[in-house]
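Undergrad: Quick one, fold the following:
(one chain, ligands or ions: 2)
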Amino acid sequence: METIGGDAGAHGYGWAGVWSAVASLIFLWSMIQQYVPSQLQDYLTTLSHRLHAAVSPYVTISIDEYVPDSFSRSEAYLAAEAYLSATCASSARRLRADLFAGSDRMSVAVDDHEEVVDVFRGAKLWWRKNKTLPRGNVISWSAHEEERRSYCLTFHRRHRGLVDTLYLPHVLAEGRAAIVRNRQRRLFTNNPSSDWSGWNGRVWSHVKLEHPSTFATLGMHPSRKQDIIDGLEMFRDGKDYYASVGKAWKRGYLLFGPPGTGKSTMIAAMANYLDYDVYDLELTAVKNNTELRRLFIETTGKSIIVVEDIDCSIDLTGKRKKKKKKKKDKSGKKKKTIPPGPAKDEENKVTLSGLLNFIDGLWSACGGERIIVFTTNHKEKLDPALIRRGRMDSHIEMSYCCFESFKVLAKNYLHIADHELFHEIRQLLGEVDMSPADVAENLMPKSKNKDVDGSLGKLIKALKEAKEEALAKAVAGAENEEEAEDDDEEDDDSSSSEEEKDGKNKKD
Ligand SMILES: Nc1ncnc2c1ncn2[C@@H]1O[C@H](COP(=O)(O)OP(=O)(O)OP(=O)(O)O)[C@@H](O)[C@H]1O
Ligand SMILES: [Mg+2]
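TA: Ligands and ions are numbered 1, 2, ... in the order given. A predicted model of the protein is given here:
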């Protein structure tokens with residue numbers, strides 16, 4: 001890529017230089033047009049375009065910033081902008097830097113009215129960024145209506161086939177890849193529906209996603225961890241596979257296990273590994289199934305949709321509604337019932353069937369590359385319909401800390417791979433249930449200078465205490481059981497003696 005500048009002629013651009021000058025004249029003309037009545041403007045613009053097309057061997061494709069009759073920015077424009085920024089930022093003479101909300105990196109794009117040249121498979125292509133100002137008599141309500149930007153791509157007509165079939169798809173693919181590279185990943189939470197209407201009403205709000213958890217720092221048996229990573233990779237690269245087997249490109253994960261075993265940490269590691277956004281869906285703030293549908297539709301691809309503590313978020317004990325048999329009146333005719341209208345849905349909470357539709361209803365295929373994760377401390381409380389394979393494709397148990405998990409935590413917190421106390425810790429972890437969160441808390445050094453022996457000693461003490469506690473509980477439990485059995489026996493004795501008495505009485 002190189003800019004069209006004063007030395008263009010020296011490189012022998014020839015006709016290109018002439019047409020660049022013509023383009024500049026056209027631009028000048030468009031500036032003058034602002035002071036000409038709008039009908040005359042339209043006529044002159046059409047005329048100049050026709051003249052240009054009649055005599056020029058060059059073809060121009062323009063890409064507008066906004067989708068016609070819409071407030072949304074055109075994906076083609078954004079891709080072209082990202083492509084040009086990535087490939088020509090160093091050679092353009094005038095650039096525009098901007099800092100987008102939530103991002104900590106400056107984004108640099110070609111400035112207005114700047115021209116750059118791209119070379120693709122031997123063909124030269126000129127890109128120009130145009131800006132048109134509003135007509136004097138138009139009052140606009142939004143900033144983007146005031147200035148309209150577009151990219152114009154100019155090339156010789158003999159390259160038309162190359163541009164259509166190869167160059168534009170190349171720009172789109174490279175531009176999209178650059179957008180993904182530059183984007184700041186986000187953590188979304190759903191807004192209460194009272195905030196959804198009105199100017200700029202949004203159903204989700206977001207902050208920067210900056211969780212440091214990775215699979216390298218996640219305490220888990222290495223082979224299980226590798227299985228999960230393989231599954232995620234298979235999903236991420238499986239667009240064609242999912243299409244070939246006729247499945248929507250989505251995958252469900254159920255993470256279950258006691259508190260502090262790393263379920264939320266695992267979600268962050270997944271998002272960091274895949275470079276996906278996270279939508280943290282607070283189900284208790286969703287009024288009904290209609291709202292749930294809207295929230296889902298407004299999520300984007302390359303994202304993980306999370307419902308934490310699913311057993312606490314929704315009453316899952318209610319079974320899906322069965323078709324009610326119509327009641328018959330006394331004459332035996334079926335009674336007419338009023339069908340439940342939308343008002344009924346407004347009153348309802350999110351239901352199990354709403355959630356099932358959310359996961360795999362027809363409209364859940366409205367956009368691909370989404371992972372859905374449910375977490376729970378009580379898998380047994382969940383309705384089997386909710387977690388059957390196909391909905392929750394993978395069930396991952398996050399369990400108490402094993403020795404392999406401990407080794408990862410020791411590496412994270414103390415930077416050690418082995419120690420003479422490891423043997424004792426291995427034995428204790430085999431006998432006691434302790435969550436990785438508790439192990440991590442004990443390993444955390446108290447001061448900047450890591451006291452490895454001190455931290456491991458603290459963990460051993462905590463494990464021994466937990467072991468004693470568990471033993472004491474087991475003994476107390478056994479005693480209670482014995483007492484209960486004795487009571488039962490006494491009850492049996494007394495009832496049998498009462499029966500005997502009864503018998504005696506009867507006999508008497
Ligand atoms: N497997 C693990 N590997 C590394 N760190 C862990 C692991 N499990 C827990 N931790 C540590 O413990 C803290 C709490 O873990 P986390 O929030 O992931 O638990 P959870 O299973 O989601 O618990 P809850 O069921 O209460 O939501 C984390 O911040 C992390 O530092
Ligand atoms: Mg959690």
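
Undergrad: pLDDT score assigned to Gly238?
TA: Gly238 is assigned a pLDDT of 92 by the prediction.

Undergrad: make that Ser150, sorry
TA: For Ser150, the predicted pLDDT is 91.

Undergrad: what does Arg293 give?
TA: 84.

Undergrad: May I see the buried residues of the host helix or strand of it?
TA: Arg293 belongs to helix 289-297 when elements are defined using DSSP states H and E. By 16 or more other Cβ atoms under 10 Å, the buried positions in helix 289-297 come out as Asn289, Thr290, Glu291, Leu292, Arg293, Leu295, Phe296. Where you see a C-beta, it was placed from the backbone N, CA and C, and this is true even at glycine.

Undergrad: how about these in CSV, adding distance to ligand 1?
TA: Formatted as CSV, the buried residues of helix 289-297 follow (distance: Cβ to the nearest ligand atom, whole Å):
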residue, distance to ligand 1
Asn289, 26
Thr290, 29
Glu291, 25
Leu292, 22
Arg293, 27
Leu295, 22
Phe296, 23
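
Undergrad: mind giving me JSON lines with the residues you listed and columns for distance to Gly354?
TA: Shown next, in JSON lines, are the buried residues of helix 289-297 (distance: Cβ to Cβ, whole Å):
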{"residue": "Asn289", "distance to Gly354": "3"}
{"residue": "Thr290", "distance to Gly354": "9"}
{"residue": "Glu291", "distance to Gly354": "9"}
{"residue": "Leu292", "distance to Gly354": "6"}
{"residue": "Arg293", "distance to Gly354": "8"}
{"residue": "Leu295", "distance to Gly354": "11"}
{"residue": "Phe296", "distance to Gly354": "10"}
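
Undergrad: any chance of these in TSV, plus distance to ligand 2?
TA: Below are the buried residues of helix 289-297 laid out as TSV (distance: Cβ to the ion, whole Å):
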residue	distance to ligand 2
Asn289	25
Thr290	28
Glu291	24
Leu292	21
Arg293	26
Leu295	21
Phe296	22
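
Undergrad: need the contact list for the nearest residue to Thr217 once chain neighbours are set aside.
TA: Of all residues not flanking Thr217 in the chain, Asn412 sits nearest, at 5.1 Å (Cβ to Cβ, 6 or more residues apart in numbering). Neighbouring residues of Asn412 by Cβ atoms under 8 Å, 6 or more residues apart in numbering: Thr217, Gly219, Ala440.

Undergrad: Can you tell me which of the buried residues of helix 289-297 comes closest to Ala97?
TA: Ala97 lies nearest to Leu295 out of the buried residues of helix 289-297, by Cβ to Cβ, at 34.7 Å.

Undergrad: shouldn't the closest one be in contact with Val286?
TA: Yes - here Leu295 reaches Val286: they are 6.7 Å apart, a contact under Cβ atoms under 8 Å.

Undergrad: Between these two, which contacts overlap?
TA: In contact with both Leu295 and Val286: Asn190, using Cβ under 8 Å, 6+ apart.

Undergrad: re the thing from before, counting contacts, what elements does the helix holding Arg293 pack onto?
TA: helix 342-347, helix 352-360 (3 or more Cβ pairs under 8 Å, 6 or more residues apart in numbering; DSSP states H and E).

Undergrad: Please report phi then psi for Ala109.
TA: With angles defined as degrees, to the nearest 10, Ala109 sits at phi -130, psi 160.

Undergrad: So in terms of bridging, what pairs with it?
TA: Arg96 (DSSP bridges).

Undergrad: all strands for the stretch 251-400 of the chain, in order.
TA: 277-280, 303-307, 370-376, 394-397 (DSSP state E, counting those that start in this stretch).

Undergrad: Nearest to His419, out of the ones you listed?
TA: Comparing the strands of the stretch 251-400 of the chain by Cβ to Cβ, strand 394-397 comes nearest, at 28.2 Å.

Undergrad: From the contact counts, what lies against that closest one?
TA: Strand 394-397 packs on helix 222-236, strand 250-256, going by 3+ Cβ pairs under 8 Å, 6+ apart.

Undergrad: quick one: contacts of that strand?
TA: 224, 228, 231, 251-257, 266, 379, 387.

Undergrad: Give me the sheet partners of it and which way each runs.
TA: strand 250-256 (parallel).

Undergrad: Other residues contacting the partner strand?
TA: Contacts of strand 250-256 (Cβ under 8 Å, 6+ apart): 231, 235, 263, 266-267, 270, 359, 364-365, 368-379, 382, 387, 391-398.

Undergrad: same check, this time on stretch 467-480
TA: Leu428, Glu431, Val432, Asp433.

Undergrad: The host helix or strand of the first one close to ligand 1?
TA: Yep, that's Leu428 we're talking about. Assessed by DSSP H and E, Leu428 sits inside helix 422-431. No - on the criterion Cβ under 6 Å from any ligand atom, helix 422-431 is out of touch with ligand 1, staying 13.2 Å away.

Undergrad: low pLDDT regions in the stretch 1-150 of the chain?
TA: Within the stretch 1-150 of the chain, the segments meeting pLDDT under 70 span 1-20, 22-23, 26-27, 29-38, 69-72, 89-90, 99-106, 133-147.

Undergrad: how about the strands of the stretch 251-400 of the chain in CSV, adding distance to ligand 1 and mean pLDDT?
TA: Shown next, in CSV, are these (distance: least, Cβ to the nearest ligand atom, whole Å; pLDDT from 0 to 100):
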stretch, distance to ligand 1, mean pLDDT
strand 277-280, 12, 95
strand 303-307, 11, 94
strand 370-376, 6, 93
strand 394-397, 11, 95
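
Undergrad: and ligand 2, which of these is closest to it?
TA: strand 370-376 (5.8 Å; Cβ to the ion).

Undergrad: which other helices and strands contact that closest one?
TA: If you count contacts as 3+ Cβ pairs under 8 Å, 6+ apart, strand 370-376 packs onto strand 250-256, helix 263-274, strand 303-307, helix 310-313.

Undergrad: just so I know, which of these lies nearest ligand 2?
TA: When those are compared by Cβ to the ion, helix 263-274 sits nearest ligand 2, at 3.3 Å.

Undergrad: neighbouring contacts of the closest one?
TA: By Cβ under 8 Å, 6+ apart, helix 263-274 touches 185, 209, 211-215, 217-218, 228-229, 232, 236, 253, 255-257, 276-278, 302, 304, 306, 308, 371, 373, 375, 396, 398.

Undergrad: Would you mind listing what in the stretch 401-508 of the chain touches ligand 1?
TA: So the stretch 401-508 of the chain meets ligand 1 at Ser405, Leu409, Pro436, Ala437, Ala440 (Cβ under 6 Å from any ligand atom).
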